[in-house]
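Student: Compute the structure for the input listed below.
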Amino acid sequence: MSQPKAMNLRFPDPGQRAAIEAAARQEGVSLQEYILSAAYTRATAVEARFLDAFRASVSRSGEAFAEAAGTAGPDAERRAAELAARHGLEEQRERGHAA
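Tutor: You can find the predicted model right below:
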């Protein structure tokens, strides 16, 4: 198996490279390790923000569906009246066919 290649670190701005190198030295790590660590930290922060927003969205959706289900469904009396009316119509229909 071949050896892994080193990261190609090119910085168009020499000042940017110097600042990152200084930060890596201050942390006591290599330039590659510092950049990878920063990238990982940023990626996990983005992931955490996404998951927080997703959980909030799920919560809002759940509340909206619960609210809609509570207001859209007929109450017990109305449902009983609908069933009685349907039963009455079916009886009339059966009498009509019998005649």
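
Student: quick one: average pLDDT of stretch 80-94?
Tutor: Averaging the model's pLDDT scores along stretch 80-94 yields 83.

Student: Now it: buried residues?
Tutor: Residues of stretch 80-94 classed as buried: none (neighbour count, 16 or more other Cβ atoms under 10 Å). Glycine gets a C-beta too; all of them are placed from N, C-alpha and C.

Student: Next, count neighbours for the residue nearest to residue 30 when sequence neighbours are not counted.
Tutor: The spatial neighbour of residue 30 that comes closest, neighbours along the chain excluded (Cβ to Cβ, 6 or more residues apart in numbering), is residue 24 at 6.5 Å. Around residue 24 sit 18 other residues, with neighbours defined as other Cβ atoms under 10 Å.

Student: Equivalent analysis for residue 34, please.
Tutor: What residue 34 shows, counting by other Cβ under 10 Å, is a neighbour count of 18.

Student: Check residue 45 too.
Tutor: Residues near residue 45, counting by other Cβ under 10 Å: 10.

Student: OK, contacts around it?
Tutor: Residues touching residue 45, when contacts are defined by Cβ atoms under 8 Å, 6 or more residues apart in numbering, are absent altogether.

Student: Read off the pLDDT value for it.
Tutor: 92.

Student: Can you name the next helix or strand after the longest helix seen in the chain?
Tutor: For the chain, the helix reaching the highest residue count under DSSP state H is reported as helix 31-72. Following helix 31-72 in sequence order, the next helix or strand is helix 76-98 (DSSP states H and E).

Student: okay, that following helix in PDB with CA atoms only?
Tutor: What follows is helix 76-98, C-alpha atoms only, in PDB (Å, rounded to 0.1, in the frame of the first residue of the first chain):
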ATOM      1  CA  ALA A  76     -68.600  13.100  20.200                       C
ATOM      2  CA  GLU A  77     -72.100  14.600  20.000                       C
ATOM      3  CA  ARG A  78     -71.600  15.700  16.400                       C
ATOM      4  CA  ARG A  79     -70.200  12.300  15.400                       C
ATOM      5  CA  ALA A  80     -73.200  10.600  17.100                       C
ATOM      6  CA  ALA A  81     -75.600  12.900  15.200                       C
ATOM      7  CA  GLU A  82     -73.900  12.100  11.900                       C
ATOM      8  CA  LEU A  83     -74.100   8.300  12.600                       C
ATOM      9  CA  ALA A  84     -77.800   8.600  13.500                       C
ATOM     10  CA  ALA A  85     -78.500  10.600  10.300                       C
ATOM     11  CA  ARG A  86     -76.600   8.000   8.200                       C
ATOM     12  CA  HIS A  87     -78.500   5.200   9.900                       C
ATOM     13  CA  GLY A  88     -81.800   7.000   9.200                       C
ATOM     14  CA  LEU A  89     -80.900   7.400   5.500                       C
ATOM     15  CA  GLU A  90     -80.000   3.800   5.200                       C
ATOM     16  CA  GLU A  91     -83.300   2.800   6.700                       C
ATOM     17  CA  GLN A  92     -85.200   5.000   4.300                       C
ATOM     18  CA  ARG A  93     -83.300   3.600   1.400                       C
ATOM     19  CA  GLU A  94     -84.100   0.000   2.500                       C
ATOM     20  CA  ARG A  95     -87.800   0.900   2.800                       C
ATOM     21  CA  GLY A  96     -87.700   2.500  -0.600                       C
ATOM     22  CA  HIS A  97     -86.300  -0.700  -2.100                       C
ATOM     23  CA  ALA A  98     -88.800  -2.900  -0.300                       C
END
